[in-house]
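Peer 1: I'd like to go over a predicted model; first the sequence, then the structure.
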Amino acid sequence: MIRHHVLMVLNDDAKDMAQPIVDALLEWAPSCAEIQTYSVGVDIGITPGAADVAVVGEFNSIDEYKAYATNEGHVKIIQELILPNVTSLQRCQTEF
C-alpha cells in the first residue's frame, strides 16, 4: 500500500481558500477509482505555525497513486485552486 501525504500552507491573503480546497477535493475524490481511503481537512489551530490544509490518501500500488496524481479532475483542482493560493506545498509518499 502507498500512503500519500500533502501539507499546504496558504498565502496570507488566501487563508479563506482552505475550506473551498477541501470541499473541491472531497467532492472530486469519489470519482477516482484508484483511491482506497482519502482524508482532507483544514487545520484546527492547535499548533502554531502548522500547515493550513492536509491530505492523506491510500492506494493499492504505485501505479494507482500515479493514476490519481495525473487524474484530469485532480490536476484541475491543483492548477485552479491550490497552486495559485499556496506558499508551500509538501508531498510525501510512504509504503506500508
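Peer 2: Looks like it arrived, so ask away.

Peer 1: got the end-to-end distance for stretch 74-94?
Peer 2: End-to-end distance of stretch 74-94 (Cα to Cα, to the nearest Å): 20 Å.

Peer 1: Counting neighbours, which bits of it end up buried?
Peer 2: His74, Ile77, Ile78, Leu81, Ile82, Asn85, Val86, Leu89 (16 or more other Cβ atoms under 10 Å). Where C-beta positions appear, they are placed from N, C-alpha and C, glycine not excepted.

Peer 1: per-residue pLDDT, the residue lying closest to Ile77 once chain neighbours are set aside?
Peer 2: Among residues not flanking Ile77 along the chain, Ala24 sits closest, at 5.0 Å (Cβ to Cβ, 6 or more residues apart in numbering). Looking at Ala24, its pLDDT stands at 98.

Peer 1: wait, Ala24 sits on Leu81?
Peer 2: Yes: between Ala24 and Leu81 there is a contact under Cβ atoms under 8 Å: 5.6 Å.

Peer 1: Just give the number of residues close to Tyr68.
Peer 2: Tyr68: 19 surrounding residues under other Cβ atoms under 10 Å.

Peer 1: and the nearest residue to it once chain neighbours are set aside, what does it touch?
Peer 2: Spatial nearest neighbour of Tyr68, excluding adjacent residues (Cβ to Cβ, 6+ apart): Glu34 at 4.7 Å. With contact set as Cβ atoms under 8 Å, 6 or more residues apart in numbering, Glu34 has these partners: Phe59, Asn60, Glu64, Tyr65, Ala67, Tyr68, Asn71.

Peer 1: all helices in this structure, in order from the N-terminus.
Peer 2: For the chain, the helices defined by DSSP state H occupy 18-28, 62-70, 72-77.
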